[in-house]
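**Q** this one's sequence-less:
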């Protein structure tokens, strides 16, 4: 009753299996709500865990392998690129030419 109405008004989905019954399942389906997250999950490859030492090592490797001058790390566009990439939830893809 009231709880289901509150869910609908506030954009929440009832996902607790012990709370769901046939009435709430029918009500959820009628309103186009998802019944589980399983169909929305995507398996991802291994993600590198961030640490200052890992980032430092990757930065040094990048400088050496691409023959970049050390002052490149202080350039505002480099800092902006790192800041943007740091907020990626699913990793990043580098464009290839």
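**A** Cool, the structure landed. Every value quoted in this text rests on a predicted model; they were computed, and no experiment measured them.
**Q** and residue 42, helix, strand or coil?
**A** What DSSP: H, G, I helix; E, B strand; the rest coil gives for residue 42 is coil.
**Q** Next, give phi and psi for it.
**A** Dihedral angles phi and psi of residue 42 (degrees, to the nearest 10) take the values phi -120, psi 130.
**Q** Just the mean pLDDT for stretch 68-87, thanks.
**A** Stretch 68-87 shows a mean pLDDT of 92.
**Q** ends of that stretch, how far apart?
**A** End-to-end distance of stretch 68-87 (Cα to Cα, to the nearest Å): 25 Å.
**Q** Equivalent analysis for stretch 66-80, please.
**A** 19 Å.
**Q** Tell me how far residue 59 lies from residue 90.
**A** 22 Å (Cβ to Cβ, to the nearest Å). Any C-beta I mention is one placed from the backbone N, CA and C, and that applies to glycine too.
**Q** Just want to know which of the two has more residues nearby.
**A** Taking other Cβ atoms under 10 Å, residue 59 and residue 90 do not tie; residue 59 has more neighbours (15 against 8).
**Q** Leaving out sequence neighbours, find the closest residue to residue 90.
**A** The shortest distance from residue 90 to any non-neighbouring residue, by Cβ to Cβ, 6 or more residues apart in numbering, is to residue 44 (6.5 Å).
**Q** now the one you found: how far from residue 96?
**A** 20 Å.
**Q** Settle it for me: which of those two has more neighbours?
**A** More neighbours surround residue 44 than the other of residue 44 and residue 96, with 9 against 4 (other Cβ under 10 Å).
**Q** hang on, the more buried one packs against residue 88?
**A** No: with contact taken as Cβ atoms under 8 Å, residue 44 and residue 88 are classed as non-touching, separated by 11.7 Å.
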